[in-house]
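> Quick one, what's the 3D model for this:
(chains A and B)
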Amino acid sequence: MRPGQLVEVVGGTVVRRCRAVASILSLLWASFSLAFTPRSWSQPVRNVMARQLLFTGVDGTWAAMRFGAAVGVLLIVQAALWVDAIGMTTEMIAPMLWRVIVREVAPLLACLVVIGRSGIAISTELATMRVDGELEVLDAQGIDPMTSLVMPRVTSMVFSVFCLALITATAMILTGYAGGRAVGVIRVSFVGFIDQLVGEIDTLDLLFFVPKTIVAGAFAAAICCLDGLSVKATITDVPRVSARAGIRALGAVFIISAILSILIYGRILIFEVI
Amino acid sequence: MSLYKAFDAKSENPLVLQLQGVTLRPDFESGLELQEVDLELNAGELLTIQVDAATRTRSFASMIQGILHPESGIVRFLQQDWQGSDYQRHFWQRSLIGRVFEGQAWIENLNVDENVTLAARHHGVQVSDITSSIQHWCNQFGVDKLATRRPAFVAPATLQIHQWIRAFLGNPKLVILETPLQYLAKKWVKVFLAAVSELLNRGTAVLWLDSRTDLPFCDVVGPCRHLRVDGAKLKTINAGHGGDNE
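Model (predicted):
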């Protein structure tokens, strides 16, 4: 490959990526602008929002709890191994659990649940509506698809990720404690354990948890909506677009989590970020 | 809305729809193609455009609503074009247009009654006004009540009548009818033409796109003009009312 071609390929890729990010940010800006405009919330839009919240948030609760409970057990098993291997004290278990759960795992798990249950479904639904001409039907009746379809889905996904992350974290802590007690890694009472956790609460944790869930949820929602709406005029494109949306949303969630970790905690491993 | 008031304050038969030098090239082969077409439609007037049976009119109707843009020329509805990025105005203008769609006409994950009232509820029309308007048109078309199932489970003929009701709800300034009598038996022609007459009497402009040649438009009470598409041009069928696209 000639140097000119290499520059062209790299440049083209960079431009495409920048365009994709710009599209996501535009969609998010439009969605949140509409969400904060009272007249956007007509009765049908409120209905869509309620249905989406029910499907994404409420119906996802059990899945989030199951995942949280399973991962809580995994974490405590790992903690037990470390206790044996490097002589960690049991007092170190609670802060470790807290940090890993609140800062990293709970928001990620919540995003996984929401993308798996709703993100791909949203992408499929929007793609099918576009192919079938339903978006045109809405448009022709003076109903902005952005207001009536995209905005309620984006806002409900963001809200759901935040709530499900809280639920996941709670499930992980509870099963972590139960598992720890069962294998003898944790020997304090439940109240004492919670006291230790509360003592570990740092402003940075809240500063991390809230934006991480909101930003990651917003990007996942925007990607699923954009991909769904980008489908061309054939129904056979829909499964491909939906699968792509799921993978891209997951990728975005991991990248955003990493970027936020670096920005908020200012460290990559032992190296402090300037 | 000022646009709405300005329209109401106009003369007796204000211009509702105007096409100036419009050229439309549809994306797909069977779409309606137009070449530098001029057209005017006033309030309370019926304009029929006869097309070939194989021709799809959806792109043309969407162009009139500003959803698709013509290759060249200007489309004006209530003396406002569809250019620019004032999307709020565009959506508001579209809310004043009723339409019976050719092809897909429903949001599949809503029930038919929700579909029928969707636009009115979205645009903040009072529930009592929606209910009375639905009642009026249901009586007119002999429908007991709106279907409460998903569109996929309702017969095409029933869906078509519900499309009429949806298009006529409220007080549209323009109604676009794309093959409005498809799926329906002959007995419905008279009923539908009576409803169109009522619309014209209220001052609604009606644009009727159809391939049928056997429709008794003489039964319509109100000013009518009849055009046909011939080689991407519009030509007058009924010379008595004067077409402007010969």
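> only C-alpha atoms for contact and neighbour calcs from this point on.
Noted.
> partner residues bridging the residue minimising distance to the centre of chain B?
Centroid-nearest residue in chain B: B:Ile176, 1.0 Å away (criterion: CA atoms, centre = their mean). When bridges are called by DSSP bridges, B:Ile176 pairs up with B:Arg99, B:Leu207.
> Was I right to think it contacts B:Arg94?
No - in this structure, B:Ile176 is not within contact of B:Arg94 by CA atoms under 8 Å, at 11.3 Å.
> Identify the residues contacting the residue nearest to the centre of chain B.
Applying CA atoms under 8 Å, 6 or more residues apart in numbering or on different chains, we find B:Ile176 in contact with B:Ala61, B:Ile97, B:Gly98, B:Arg99, B:Val100, B:Val206, B:Leu207, B:Trp208, B:Leu209.
> Quick check: which ranges of chain A have low pLDDT?
A:84, A:87-91, A:93-94, A:266-274 (pLDDT under 70).
> Residues of it that sit close to chain B?
Residues of chain A lying close to chain B (CA under 8 Å from any CA of the partner chain) are A:42-45, A:129, A:132-134, A:136-144.
> just to revisit the earlier point, now for the contacts of B:Ile176, which pair is the farthest apart?
Maximum pairwise distance in the contacts of B:Ile176, criterion CA to CA, is 15.0 Å, between B:Ile97 and B:Leu209.
> Name the nearest residue to B:Gln163, ignoring sequence neighbours.
Distance criterion CA to CA, 6 or more residues apart in numbering or on different chains; nearest residue to B:Gln163, sequence neighbours excluded, is B:Val100 at 5.7 Å.
> Provide a list of residues in contact with the one you found.
Taking CA under 8 Å, 6+ apart, we find B:Val100 in contact with B:Gln163, B:Trp164, B:Ala167, B:Val175, B:Ile176, B:Leu177, B:Glu178, B:Thr179, B:Pro180.
> next one: A:Ser242
A:Ile120, A:Ala121, A:Ser123, A:Thr124, A:Cys224, A:Asp227, A:Gly228.
> what does A:Ser118 give?
Applying CA under 8 Å, 6+ apart, the residues contacting A:Ser118 are A:Phe55, A:Thr56.
> re the thing from before, if any of the contacts of B:Val100 are buried, put those into a PyMOL selection.
Of these, the buried ones can be selected in PyMOL as follows, counting by 16 or more other CA atoms under 10 Å in any protein chain shown:
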select buried, chain B and resi 163+164+167+175+176+177+178+179+180
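> If you check the stretch 1-150 of chain A against chain B, which residue is the closest one?
Proximity of the stretch 1-150 of chain A to chain B (CA to the nearest CA) peaks at A:Gly142, 4.2 Å away.
> show me where pLDDT drops low in chain B?
Checking chain B against pLDDT under 70 turns up B:1-12, B:238-246.
> Can you pull the residues of it lying near chain A?
Residues of chain B lying near chain A (CA under 8 Å from any CA): B:62, B:65, B:67, B:90-95, B:97-99, B:104-108, B:118-119, B:121-124.
> mind listing the helices for the chain?
Just so you know, I chose chain A. A:3-35, A:43-53, A:61-86, A:93-98, A:106-114, A:120-132, A:134-140, A:145, A:151-183, A:190-199, A:203-229, A:237-265 (DSSP state H).
> try chain B instead
B:2-8, B:58-64, B:87-94, B:112-122, B:127-141, B:156-168, B:187-202.
> Let me know which of the ones you listed is the nearest to A:Leu34.
helix B:87-94 (11.8 Å).
> in the closest one, what's buried?
Applying 16+ other CA under 10 Å to helix B:87-94 flags B:Arg89, B:His90, B:Phe91, B:Trp92, B:Gln93, B:Arg94 as buried.
> cool, stretch A:200-218 as well?
Neighbour-count burial for stretch A:200-218 [16+ other CA under 10 Å]: A:Asp205, A:Phe208, A:Phe209, A:Lys212, A:Thr213, A:Ile214, A:Val215, A:Ala216, A:Gly217, A:Ala218.
> Dump it to CSV, restricted to CA.
Only the C-alpha atoms of stretch A:200-218 are listed here, as CSV (Å, rounded to 0.1, in the frame of the first residue of the first chain):
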residue,chain,number,x,y,z
GLU,A,200,-16.3,3.7,52.3
ILE,A,201,-18.6,6.0,50.5
ASP,A,202,-16.6,8.6,48.7
THR,A,203,-17.8,11.7,46.9
LEU,A,204,-15.9,10.4,43.9
ASP,A,205,-18.0,7.3,43.9
LEU,A,206,-21.2,9.3,43.5
LEU,A,207,-19.5,11.5,41.0
PHE,A,208,-18.6,8.4,39.1
PHE,A,209,-21.7,6.3,39.4
VAL,A,210,-24.2,9.0,38.3
PRO,A,211,-22.4,10.2,35.1
LYS,A,212,-21.3,6.7,34.2
THR,A,213,-24.7,5.2,34.2
ILE,A,214,-26.3,8.3,32.6
VAL,A,215,-23.6,8.8,29.9
ALA,A,216,-23.2,5.1,29.1
GLY,A,217,-27.0,4.6,29.0
ALA,A,218,-27.4,7.7,26.8
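> mind checking how far the closest residue to B:Pro151 other than its chain neighbours is from A:Ala171?
Distances taken as CA to CA, 6+ apart place B:Val112 nearest to B:Pro151, at 5.6 Å, with adjacent residues excluded. B:Val112 is 42 Å from A:Ala171, where distance means CA to CA, to the nearest Å.
> which ones are touching the residue nearest the centre of chain A?
By CA atoms, centre = their mean, the mean C-alpha position of chain A lies nearest to A:Cys111, the distance being 2.8 Å. Neighbouring residues of A:Cys111 by CA under 8 Å, 6+ apart: A:Val161, A:Ala165, A:Thr213, A:Ala216, A:Gly217, A:Ala220, A:Leu250, A:Val253.
> would JSON lines of these with distance to B:Asp129 be doable?
Listed next are the contacts of A:Cys111 as JSON lines, based on distance: CA to CA, whole Å:
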{"residue": "A:Val161", "distance to B:Asp129": "40"}
{"residue": "A:Ala165", "distance to B:Asp129": "44"}
{"residue": "A:Thr213", "distance to B:Asp129": "43"}
{"residue": "A:Ala216", "distance to B:Asp129": "43"}
{"residue": "A:Gly217", "distance to B:Asp129": "40"}
{"residue": "A:Ala220", "distance to B:Asp129": "40"}
{"residue": "A:Leu250", "distance to B:Asp129": "47"}
{"residue": "A:Val253", "distance to B:Asp129": "47"}
